[in-house]
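In: Here is my input, please return the structure:
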Amino acid sequence: MNFVIFQPDELRAESVGCYGHPLAPTPNIDRLAAQGTRF
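Out: Purely as a prediction, here's the structure:
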């Protein structure tokens, strides 16, 4: 079992595509979120 903890200092959840921002191009973060569990 592998764990990846992604905890940026100054990035709001509303600013990334996987949490619904329509204009945020965050394909790598979106791919990680699609393959794992978001809290």
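
In: Name the nearest residue to the most centrally placed residue in the chain, sequence neighbours excluded.
Out: Residue closest to the average C-alpha location in the chain (CA atoms, centre = their mean): residue 29, at 4.1 Å. Closest residue to residue 29 apart from its sequence neighbours, by CB to CB, 6 or more residues apart in numbering: residue 16 at 5.3 Å. For glycine as for every other residue, the C-beta is placed from the backbone atoms N, C-alpha and C.

In: Can you give me the pLDDT of the one you found?
Out: Listed pLDDT for residue 16 reads 85.

In: Run a quick neighbour tally on it.
Out: 17 (other CB atoms under 10 Å).

In: Let me see the mean pLDDT of the host helix or strand of the residue nearest to the centre of the chain.
Out: Assigned by DSSP states H and E, residue 29 belongs to helix 27-35. Mean per-residue pLDDT for helix 27-35: 87.

In: so how far is that helix from its chain's centroid?
Out: 6 Å (CA atoms, centre = their mean, to the nearest Å).

In: Any buried residues in it, and which?
Out: Neighbour counts using 16 or more other CB atoms under 10 Å place 29, 33 of helix 27-35 among the buried residues.

In: May I have it exported as CSV, CA atoms only?
Out: This file holds the C-alpha atoms of helix 27-35, laid out as CSV (Å, rounded to 0.1, in the frame of the first residue of the first chain):
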residue,chain,number,x,y,z
PRO,A,27,-4.3,17.9,-14.8
ASN,A,28,-1.7,16.2,-12.6
ILE,A,29,-3.6,17.0,-9.4
ASP,A,30,-6.9,16.0,-11.0
ARG,A,31,-5.3,12.6,-12.1
LEU,A,32,-4.0,11.9,-8.5
ALA,A,33,-7.4,12.8,-7.1
ALA,A,34,-9.3,10.6,-9.5
GLN,A,35,-7.1,7.6,-8.6
